[in-house]
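*Asks:* return atomic coordinates for the entry below.
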Amino acid sequence: MGSVVVMKSMWQSWWTRLSVIAGFGLFVRLAFVLGITRFDEPVGDQLYYSAQALTNARGEWFEQPFAQGMPAADHPPLTSFLLSPVTWLTEASGSFVTAQRLTMTLIGVISIVIMAMIGRLLAGERVGTIAAVITAVYANVWVNDGLIMAETPTFFLVAISTLLALTYRRRRDIASLLGLGVTAGLLALTRPELAVVTVLGAALVFSVASADLSLATRSKRAALVLATSLVIVSPWILWNQSRFSDSVFISTNDGLTLAGANCDSTYYGDVGSWDIWCAYETPVPIDADASTASKLMRRDGLAYLRDHIGRYPVVAAARIARVLSVGFIGSNSNAGVSEGRPTWVSLLGVIQFWFIAVAATIGWRNVSNRSDRWILLALLPVIVLVAMVANAYVRFRLPAEVGLIVLAAIGLNHLLNAKQKQKASCASE
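*Replies:* Reported below is the predicted structural model:
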């Protein structure tokens, strides 16, 4: 009898329930990694991240994995950097790719806990629990945790920055402010477009009104967020200026992205898609480094956009439909397959996203503080803009899904409360 009481008492602990949910999330991710992707060769962007981590592990830090001696910044550095230690430890065993995937899985499980903490901070323990459950089972999240891509560290860092922003709004503490600047800088080193988080963080710090914080103090704190973020990214930026023939800041991927987004196949064929072969149509001198290649591809992509500007509104609308999973579902699923995402996982993610979107709408109406609402949905217009300009793959929506998941948890909690009140009302009658 005593052991039953102890077990019941333990289960009443929020951290115990969260541990069980995180454990289930780990099980889902391990099942995907060890049961489905274990013997798959890295494809798409996975190939670069995996190979770059291997090159780093061999002491050739950010040299081209496929062009010895040439500098590499094909993607921002953080993902490959995170994978380099485990790659160094496991290369000799021949299983470093699986080790890289398991590293992503670990980061993904930690994200479940962070999401729960966001929900608890906003609306209590039950909302935190619901947010953890959604994160654990949502296919658009766990599929990335089984691949070697930037999405897993991106989701983790966006969750951390969201938690810090919400904490700062409540406490106005310097620790949260500095943490926000650090995570914003790390996000820029993970996905270039998320450098905007630095600006958003500074705007939040400046706009949060408080009787004991003057305009000058808020301005200084906003500047501190910007400065902290710059300290994080500046070593990479400065190093790149010395390595490439043309100026490179975060990565050399912008040219490839723009050229692949603006061509006949994406404007008149599979409208709103992205085609890497379009980028490869750009003539590049054989001795050119990645910065020169990017410059030439960027020139061709922007030239095509200017020449077909009349068609662009149709393409932009198609990209918005794609990134929000309201159209082109089959085409998006096929693109996912080319990156290592099974079709059934992509389709499951679409169905789950629709439910999350509906629940998030209800949650939005039940968040009373406008700053909290803004923090949770700040990245949604950013990902829509990125989709319109560059690429509408569903995985690019992931940064905005941190806030959507939390809002969905709040919405589901509201529905549960309403149902409980209805039951209590019926019982009293």
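*Asks:* look up the closest residue to Val350, ignoring the ones flanking it.
*Replies:* Nearest residue to Val350, sequence neighbours excluded (C-beta to C-beta, 6 or more residues apart in numbering): Ser325, at 4.9 Å. The way it works is simple: take the backbone N, C-alpha and C, and place the C-beta from them, glycine included.
*Asks:* for that neighbour, what are its contacts?
*Replies:* Asn332, Gly349, Val350, Phe353, Trp354, Val394, Arg397 (C-beta atoms under 8 Å, 6 or more residues apart in numbering).
*Asks:* repeat that for Val233.
*Replies:* Residues in contact with Val233 (C-beta under 8 Å, 6+ apart) are Gly185, Ala188, Leu189, Ala195, Ile250.
*Asks:* which ones among those lie within helices?
*Replies:* In this view, those that belong to helices under DSSP state H are Gly185, Ala188.
*Asks:* thinking again about what came up before, and the residue nearest to Val350, which of the three is it?
*Replies:* What DSSP: H, G, I helix; E, B strand; the rest coil gives for Ser325 is coil.
*Asks:* circling back: which of the contacts of Val233 are buried? Put it as a PyMOL command.
*Replies:* Burial among the contacts of Val233 is assessed by 16 or more other C-beta atoms under 10 Å; the matching PyMOL selection reads:
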select buried, resi 185+188+189+195+250
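*Asks:* pull the CA atoms of stretch 226-242 into PDB?
*Replies:* Provided in PDB are the C-alpha atoms of stretch 226-242 (Å, rounded to 0.1, in the frame of the first residue of the first chain):
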ATOM      1  CA  LEU A 226      22.400  43.500 -30.600                       C
ATOM      2  CA  ALA A 227      26.000  43.700 -29.300                       C
ATOM      3  CA  THR A 228      25.900  40.300 -27.700                       C
ATOM      4  CA  SER A 229      24.600  38.700 -30.800                       C
ATOM      5  CA  LEU A 230      27.300  40.400 -32.900                       C
ATOM      6  CA  VAL A 231      30.000  39.100 -30.500                       C
ATOM      7  CA  ILE A 232      28.700  35.500 -31.300                       C
ATOM      8  CA  VAL A 233      28.600  35.800 -35.100                       C
ATOM      9  CA  SER A 234      31.600  38.200 -35.700                       C
ATOM     10  CA  PRO A 235      34.400  35.600 -35.500                       C
ATOM     11  CA  TRP A 236      32.800  33.500 -38.300                       C
ATOM     12  CA  ILE A 237      32.100  36.600 -40.400                       C
ATOM     13  CA  LEU A 238      35.600  38.000 -40.000                       C
ATOM     14  CA  TRP A 239      37.200  34.600 -40.800                       C
ATOM     15  CA  ASN A 240      35.100  34.300 -43.900                       C
ATOM     16  CA  GLN A 241      36.300  37.700 -45.200                       C
ATOM     17  CA  SER A 242      39.900  36.400 -45.100                       C
END
